[in-house]
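Engineer: When you get a sec, could you give me coordinates for this:
(chains A, B, C and D, ligands or ions: 2)
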Amino acid sequence: MSTGFDVERIRKDFPVLSRELPGGRPLVYLDSGNSAQKPTQVIEVMRDHLAMHYSNVGRALHALGAESTEAYETARDKVAAFIGAPSRDEIIFTKNASEALNLVAYAFGNPITEDPRFRLAPGDEIVISEMEHHSNIVPWQMLAQRTGVKLRWFSVTDEGRLDLSNLEELVNERTKMVSIVHQSNVLGTINPVAQVLARVREVGALMMLDASQSVPHHAVDVAALGVDFLAFTGHKVVGPSGIGVLWGRGELLDAMPPFMGGGEMIEAVWMDHSTYAPAPHKFEAGTPPIVEAIGLGAAVDYLSEIGMDAIARHEHELTGYALDALGEIPGLKVIGPKGLEQRGATVSFTLEGIHPHDVGQILDDNFGVAVRVGHHCARPLHLRFGIPATTRASLYLYNTPAEIDALVRGLHHVRKVFA
Amino acid sequence: MSTGFDVERIRKDFPVLSRELPGGRPLVYLDSGNSAQKPTQVIEVMRDHLAMHYSNVGRALHALGAESTEAYETARDKVAAFIGAPSRDEIIFTKNASEALNLVAYAFGNPITEDPRFRLAPGDEIVISEMEHHSNIVPWQMLAQRTGVKLRWFSVTDEGRLDLSNLEELVNERTKMVSIVHQSNVLGTINPVAQVLARVREVGALMMLDASQSVPHHAVDVAALGVDFLAFTGHKVVGPSGIGVLWGRGELLDAMPPFMGGGEMIEAVWMDHSTYAPAPHKFEAGTPPIVEAIGLGAAVDYLSEIGMDAIARHEHELTGYALDALGEIPGLKVIGPKGLEQRGATVSFTLEGIHPHDVGQILDDNFGVAVRVGHHCARPLHLRFGIPATTRASLYLYNTPAEIDALVRGLHHVRKVFA
Amino acid sequence: MIAESMYQELILEHYKHPQGRGLRDPYDAEVHHVNPTCGDEITMRVKVGDGGKVEDVSYDGQGCSISQAAASVLHELTTGSTVDETLAVVDEFTRLMQGRGKVEADEDVLGDAVAFAGVAKFPARVKCALLAWMAYKDAVVRSSK
Amino acid sequence: MIAESMYQELILEHYKHPQGRGLRDPYDAEVHHVNPTCGDEITMRVKVGDGGKVEDVSYDGQGCSISQAAASVLHELTTGSTVDETLAVVDEFTRLMQGRGKVEADEDVLGDAVAFAGVAKFPARVKCALLAWMAYKDAVVRSSK
Ligand SMILES: Cc1ncc(COP(=O)(O)O)c(C=O)c1O
Ligand SMILES: Cc1ncc(COP(=O)(O)O)c(C=O)c1O
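Structural biologist: Ligands and ions are numbered 1, 2, ... in the order given. Alright, predicted model coming up:
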């Protein structure tokens, strides 16, 4: 690699990467799109907090309470800076990206709210796409079932791009919300946000981005993007499980009803009614994932120090290497863009006549190569391509060309077994 | 203490308890009702998993995926055993107790569901109590606002007990759900579940227990209790933040609509509809708090090994000691039962003429004594007693009589400062 | 290597050369089973003759080697036996698959199906191995109605 | 001990012997402010005379020593000054309180109120110190309408 990016030094930060799997296999982890591994820098911050500084946040006046609250709220500052949020109060900690998406879906058609942008009338429409993760499909289906709002979606082209040919018709005056993925977790496709947003603004709708697969891999700036909401998840940005982020424009967060009720999201409570705290607290009912938020803060610090641009360059080179190497395997077909334009480091493919489950299992059992097989929580996208499943290699800052070589060797072996 | 319970040995398991606070103060942690401290046994399980075994669960076929899934699902087994759940599939991992309570509240009046127990008709009622934590008030208020269901509540007696004098009238044929706290986080009161449940069964309603403050402190067996739902939270049972538990009777979980939509809660997804996985997965949308669930498993192992009965005995003795010692402070008034009958190790009080915020701050600043001051997320209960706030000492397995002595010394000093 | 214990020669053999594949007439019952998590599917027909003898088990489907080979082995083991005999095999196979790799297989009952013992160690693949067998059980029940 | 920096002698003195406490007539505006998180409350009346001179600030309320002492100090500092002068003090006091303990107090502007500098280190208590001052600002704005 010619980026001045020291992948071998980075790998030392991730303890699991030097682990041996049962049977003496090395670990070749190509499943970061599913969940990323964690660097010592994150693990130790969490351990230290749990061991020496832990207490509940917000509510406690004492020394530990102050330390925990300070650490938790500092994590919010870090996340806000990481995604360019105009205000720290626009960062809501959730348990994962799915909760963030559901929180926004539940804001619509709730009789509590008078703001017209969140009210639903007969004929109103929500637009998603055929390449969404289930977490950006099912919440809107459930909203449609609860309220009668109509769910519509963009198609996907044979090349794995959003089909914008009917953009004008699909996004229209009846549209309340367009929620699409920023970068596909199967195809690797990076979607043309600006083009869709321009139409969304024309019709006065709102726009949400599922950035679960973009925030980990390249610099994302919510102000520059100009959308209304953005969701991502901690465990894919080398952070812990149990933490996700919803960013929303402050003025919209003010207009939305709370999602869950409970401790710390209130201003004052009487038996028969309550008033709510301003955002972000309005949306953080109960004890938040304290140590997880702190871990996420350490994770974005870690990535920032390496530099998101350097990470993106590294992944770009790796992706080129992977597409070339995989292209030489007979019977292998990449599902998604074949070139490097507007695509990330996720490569999904089929191997003729061999089921992905068999591919994945032999790669793992014989070579320690961890890929994901199945529909990757994007079943409709697989239906679109007429296939039940794919094998997916998803790369991250710690991956190397040698690991792609291992994958290729493994795939040749798979073909031999099933020849 | 005469219980054969070695509190000094236990204290060594909790690193923070030997910490010095800034200014050389020792830490006297009497705020476990807010959140408990964590033993090394929990911290190290989490660290080890994050460092060496982490990956996403359920979806991954590879070696790390199998290890993570096995550890996560084993945590479910442990929690099921810990609370006597008839089936492991009745244990739903949430992010905290508040999510568990909201999940159940959102199941009512949702047009998706046909089960009559979760449908709401005009005139239907939900019953809570005046001693609830906000997390068991606000979700039901929000349900009432969304659906028009009527919210009613038990009063609290001067002694801090549930006023059951109007049980027959309050819980009636119009009642759909009675949701009350098992043990009050302010009063310490343990509520008479059987008596309320008998009436609930007579009228054919459902019953939920907020067991956030009981599960940490004494053996809780859901089958023996006989209720329909029970919620508790990981961070109060020496487990991590970011994890909570909803237990529900399997047959009810089957009848309920999903709460959040997303990855892993589905069976199959098409663009226009989906089918859902059976419980518990139906209620676990997105990547769950994996490492947090594993940490919770280690926490219940830790408590079980010491023995919940031994912990309860220890706390019982401590509570007696504390009530006696506090009783001798002039102007101090305990809010809640003065005796040891049906009460836990939480003692809230007022000090005449001195605001709890001043009490808490001086205890912390001068003595390192960490108590909680304010309304403890139970504002209506404080309104009931006509006070804006109390000071609360909440004890746990690692507390000692010497720490109560420190509290008492501190309170004498507080009185001197404000004399 | 662990895989050797799962991808037994016999399984690969059945996968590459499935026995009795294709849907045939006559039949008493036809069922269609799907494993929604991985998309594996099978359509299966059963013909039961006099004395409860299984005269034909015909099938078609798609899926991984495990699910396809399982159907082929099932065809061999059931055809020509009595329904009761085959249900005992189904039970033993199910017990083996759900045993998380900790159950000893009874070779006398299972015959060639013992080759699937290694699959039991992979919870994610157990459903693949069981798909055809559950479909068979379902079809037999329906055929006797 | 850290507390010494927060519970200054002067604060305790004002708390035990509040200056100007009680609601008085005449007044131009009355406001009622509440800190919902801790339940502290204050009712405050302001009487502004010729030349924008603050003739009386009277108040009643309940809360912790910080919030009560802050009202008492405020009464002393504002009564007799012009509205403009007092608003400058309010601004400086607010700046000090929100400075997380990192802001140097301007003693010339703040006078006795400088005793509250230690409170700024305790985010949870800042609202207590500010309650009366925010109420005063509100009341002054209303009185000039
Ligand atoms: C009685 C009671 N219920 C509910 C809760 C809410 O728990 P959590 O904040 O973890 O959601 C708490 C603790 O804060 C509690 O004490
Ligand atoms: C594109 C996309 N959206 C949403 C999600 C859901 O994230 P989580 O499972 O953390 O809620 C994922 C990952 O699983 C994803 O890849």
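Engineer: Name the SS class of the residue of the stretch 1-150 of chain A found nearest ligand 1, please.
Structural biologist: Per CB to the nearest ligand atom, A:N56 is where the stretch 1-150 of chain A lies closest to ligand 1, at 7.4 Å. In short, each C-beta sits where N, CA and C put it, glycine included. Classification of A:N56 by DSSP: H, G, I helix; E, B strand; the rest coil places it in coil.
Engineer: after the lowest-mean-pLDDT helix or strand in chain C comes which helix or strand?
Structural biologist: Taking mean pLDDT, DSSP states H and E as the measure, the helix or strand of chain C with the lowest value is helix C:3-6, at a mean of 61. Toward the C-terminus, helix C:3-6 is succeeded by helix C:9-16 as the next helix or strand (DSSP states H and E).
Engineer: What helices and strands are in contact with the helix or strand following that following helix?
Structural biologist: Note on helix C:9-16: by DSSP H and E, the next helix or strand toward the C-terminus is strand C:29-35. Under the contact criterion of 3 or more CB pairs under 8 Å, 6 or more residues apart in numbering or on different chains; DSSP states H and E, the helices and strands touching strand C:29-35 comprise strand C:40-48, helix C:123-143.
Engineer: got any ranges where chain C has weak pLDDT?
Structural biologist: By pLDDT under 70, the low-scoring segments of chain C are C:1-5.
Engineer: Contact residues of it facing chain A?
Structural biologist: Residues of chain C found near chain A, taking CB under 8 Å from any CB of the partner chain as the criterion, are C:1-3, C:6-7, C:12, C:15-16, C:37-40, C:62-66, C:122, C:124-125, C:128.
Engineer: Show the buried residues in the residues you listed.
Structural biologist: Of the members of the residues of chain C next to chain A, the ones counted as buried by neighbours, 16 or more other CB atoms under 10 Å in any protein chain shown, are C:2-3, C:6-7, C:12, C:15, C:37-40, C:63-66, C:122, C:124-125, C:128.
Engineer: A:R199 - how many residues pack around it?
Structural biologist: Counted by other CB atoms under 10 Å in any protein chain shown, the residues lying close to A:R199 total 19.
Engineer: Just list the residues touching it, thanks.
Structural biologist: Neighbour list for A:R199: A:L167, A:E168, A:V171 [criterion: CB atoms under 8 Å, 6 or more residues apart in numbering or on different chains].
Engineer: how far away is A:S55 from chain C?
Structural biologist: Relative to chain C, A:S55 is positioned 38 Å away (criterion: CB to the nearest CB, to the nearest Å).
Engineer: Hmm, A:E292 is touching A:H235, no?
Structural biologist: No: with contact taken as CB atoms under 8 Å, A:E292 and A:H235 are classed as non-touching, separated by 9.3 Å.
Engineer: Need the overlap of contacts for the two.
Structural biologist: Shared contacts of A:E292 and A:H235, defined by CB under 8 Å, 6+ apart, are found at A:S241, A:G242, A:I243.
Engineer: Narrow the contacts of A:R199 to those that are buried.
Structural biologist: For the contacts of A:R199, buried by 16+ other CB under 10 Å: A:L167, A:V171.
Engineer: Just the contacts of A:R199: which are in helices?
Structural biologist: When DSSP state H defines the helices, the subset of the contacts of A:R199 inside them is A:L167, A:E168.
Engineer: For the contacts of A:R199, give me CSV that also has pLDDT and distance to B:H182.
Structural biologist: CSV is the format used below for the contacts of A:R199 (pLDDT from 0 to 100; distance: CB to CB, whole Å):
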residue, pLDDT, distance to B:H182
A:L167, 98, 54
A:E168, 98, 57
A:V171, 98, 50
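Engineer: Turn the contacts of A:R199 into CSV, columns for distance to ligand 1.
Structural biologist: Formatted as CSV, the contacts of A:R199 follow (distance: CB to the nearest ligand atom, whole Å):
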residue, distance to ligand 1
A:L167, 43
A:E168, 46
A:V171, 39
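Engineer: okay, the contacts of A:R199 in CSV with distance to B:F108 next?
Structural biologist: Written out in CSV, the entries for the contacts of A:R199 read as follows (distance: CB to CB, whole Å):
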residue, distance to B:F108
A:L167, 39
A:E168, 41
A:V171, 35
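Engineer: Return the member of the contacts of A:R199 nearest to A:E159.
Structural biologist: In terms of CB to CB, no member of those lies closer to A:E159 than A:L167, at 17.0 Å.
Engineer: Would you check how far apart the residue lying closest to that closest one once chain neighbours are set aside and B:N166 are?
Structural biologist: Counting by CB to CB, 6 or more residues apart in numbering or on different chains, A:L167 lies nearest to A:R199, which is 5.4 Å off, once chain neighbours are set aside. The spacing between A:R199 and B:N166, counted by CB to CB, to the nearest Å, is 59 Å.
Engineer: What parts of chain C come near chain B?
Structural biologist: Contacts of chain C with chain B, taken as CB under 8 Å from any CB, map to C:P36, C:T37, C:F122, C:P123, C:A124, C:R125.
Engineer: Quick check: the farthest pair among the residues you listed?
Structural biologist: Within the residues of chain C next to chain B, C:P36 and C:F122 form the most distant pair, 18.4 Å apart (CB to CB).
Engineer: Do stretch A:62-73 and chain B come into contact?
Structural biologist: Yes: contact between stretch A:62-73 and chain B, assessed by CB under 8 Å from any CB, occurs at A:H62, A:A63, A:L64, A:G65.
Engineer: could you dump stretch A:131-149 to PDB, C-alpha only?
Structural biologist: The C-alpha trace of stretch A:131-149 is given here as PDB (Å, rounded to 0.1, in the frame of the first residue of the first chain):
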ATOM      1  CA  MET A 131     -31.600  -2.000  -1.400                       C
ATOM      2  CA  GLU A 132     -32.500  -1.300   2.200                       C
ATOM      3  CA  HIS A 133     -31.400  -3.300   5.200                       C
ATOM      4  CA  HIS A 134     -34.500  -4.800   7.000                       C
ATOM      5  CA  SER A 135     -33.900  -2.100   9.700                       C
ATOM      6  CA  ASN A 136     -34.900   0.500   7.200                       C
ATOM      7  CA  ILE A 137     -37.800  -1.500   5.800                       C
ATOM      8  CA  VAL A 138     -39.700  -3.100   8.600                       C
ATOM      9  CA  PRO A 139     -40.100   0.100  10.800                       C
ATOM     10  CA  TRP A 140     -41.800   1.800   7.800                       C
ATOM     11  CA  GLN A 141     -44.000  -1.300   7.000                       C
ATOM     12  CA  MET A 142     -45.100  -1.300  10.600                       C
ATOM     13  CA  LEU A 143     -45.900   2.400  10.400                       C
ATOM     14  CA  ALA A 144     -47.900   1.700   7.300                       C
ATOM     15  CA  GLN A 145     -49.800  -1.000   9.100                       C
ATOM     16  CA  ARG A 146     -50.500   1.200  12.100                       C
ATOM     17  CA  THR A 147     -51.500   4.300  10.200                       C
ATOM     18  CA  GLY A 148     -52.400   3.400   6.600                       C
ATOM     19  CA  VAL A 149     -49.600   5.500   5.100                       C
END
